[in-house]
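> I would like to see how this sequence folds:
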Amino acid sequence: SNVDMNMLVYTIGNKEIFTEYAILLRNPGFTWEPGAFSCLICLAIFCNILRSNFELKGNIPLWVFLVTLSSTQSTTGFMILLVMIVGYLILNNKNFKLLLVVPILIIIFQLPFVQDKMFAEYENIGAIDLNDLSTKEGHALGRMYSFVLCWEEFLRHPIIGLGGWSKGTKLVAEGFDNIHLISGIGKLLSMYGIIMTLLFVKLLLMSAKTICKMFSVNGWLIVVVIIGMMISYELWMTPIFMTCWLYGYYIKVSTNANQRSIDCTSISIDKQER
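Okay, here's the model as predicted:
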């Protein structure tokens with residue numbers, strides 16, 4: 001229902017949906033909705049930070065990313081960017097610039113697609129009655145209510161979760177097989193349980209530490225991008241994001257401080273053994 005038309009490189013969105021809480025028609029890029037597009041833009045901004053150290057002067061790609069991100073009017077994308085900026089300033093001891101950024105953060109939080117949308121989703125947690133939803137149509141619940149339902153499912157299977165057995169959830173057992181939950185963190189917990197969740201966190205931190213060794217302290221911002229994106233979406237399970245949180249497992253960084261070469265020995269395969 002989000003998409004009116006797709007041209008492979010760009011999506012024409014449903015005006016009824018893409019104008020809610022928005023100042024202008026939201027930009028979904030090539031994805032199915034603006035929020036998912038904003039997550040990919042935030043990943044691109046992170047990669048640019050590694051190369052440019054957040055240099056604004058003459059950094060045309062970064063300005064393109066920032067303008068594009070603003071056109072999505074995505075709550076998730078804006079919150080990830082704001083936390084990235086604050087995290088960057090703190091990690092680099094730029095306390096004075098941090099004070100200058102605070103008023104901008106307050107102004108951005110007042111935007112309708114940030115403040116109003118967040119409060120509306122919070123109010124919907126207690127206002128939605130699943131029994132009132134049509135069983136003939138698909139429904140995507142808000143990220144906050146989705147997390148609540150995923151958390152309840154996690155408590156029923158806390159150790160190893162349900163894996164990919166969607167029919168084992170309480171929702172499906174009660175006949176609600178047309179409801180889609182959009183909480184990435186909630187899905188991680190309910191599908192894989194606490195054991196795999198802790199393993200995921202370990203791999204993510206390992207990757208952040210590896211990136212830090214190669215690109216200084218900015219590498220920790222990958223945690224902000226991945227966890228921030230998982231508040232709303234399951235994109236962490238797609239290859240481009242998996243590359244980020246599995247990076248530290250596969251890449252061995254040279255111990256020579258003057259050499260930035262990397263050794264991908266972990267993924268080499270002996271042709272004869274193969």
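> all helices of this protein, in order?
Applying DSSP state H to the chain gives helices spanning 15-18, 34-52, 60-72, 75-91, 95-109, 117-127, 143-156, 170-173, 184-215, 221-230, 239-245, 247-250.
> comparing the ones you listed, which yields the minimum mean pLDDT?
Among the helices of the chain, helix 117-127 carries the lowest mean pLDDT, at a mean of 63.
> neighbours of Tyr250, how many?
Residues contacting Tyr250 under the criterion other Cβ atoms under 10 Å number 14. All C-beta spots, glycine's among them, are computed from the backbone N, C-alpha and C.
> which of the helices of the chain sits closest to Met5?
Nearest of the helices of the chain to Met5, taken as Cβ to Cβ: helix 15-18 at 11.7 Å.
> nearest spatial neighbour of the residue nearest the centre of the chain, skipping sequence neighbours?
Centroid-nearest residue in the chain: Met229, 1.1 Å away (criterion: Cα atoms, centre = their mean). Distances taken as Cβ to Cβ, 6 or more residues apart in numbering place Cys39 nearest to Met229, at 4.3 Å, with adjacent residues excluded.
> also Tyr249?
Closest to Tyr249 by Cβ to Cβ, 6+ apart is Leu203, at 5.8 Å.
> that neighbour - how many residues pack around it?
17.
> residues contacting it?
245-246, 248-249 (Cβ atoms under 8 Å, 6 or more residues apart in numbering).
> would you mind checking those residues for buried ones?
In terms of neighbour count (16 or more other Cβ atoms under 10 Å), the buried residues within the contacts of Leu203 are 245-246, 248.
> the closest residue in space to Met230 that isn't next to it in sequence and Thr72, how far apart?
Nearest non-adjacent residue to Met230, counting by Cβ to Cβ, 6+ apart: Gly184, 3.3 Å away. As judged by Cβ to Cβ, to the nearest Å, Gly184 and Thr72 stand 18 Å apart.
> tabulate the contacts of Leu203 in JSON lines, adding columns for distance to Leu91.
JSON lines is the format used below for these (distance: Cβ to Cβ, whole Å):
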{"residue": "Trp245", "distance to Leu91": "19"}
{"residue": "Leu246", "distance to Leu91": "23"}
{"residue": "Gly248", "distance to Leu91": "18"}
{"residue": "Tyr249", "distance to Leu91": "23"}
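> closest one of those residues to Ile107?
Among the contacts of Leu203, and counting by Cβ to Cβ, the member closest to Ile107 is Trp245, at 32.3 Å.
> that closest one and Leu204 touch, don't they?
Yes. If you go by Cβ atoms under 8 Å, Trp245 and Leu204 touch, sitting 4.4 Å apart.
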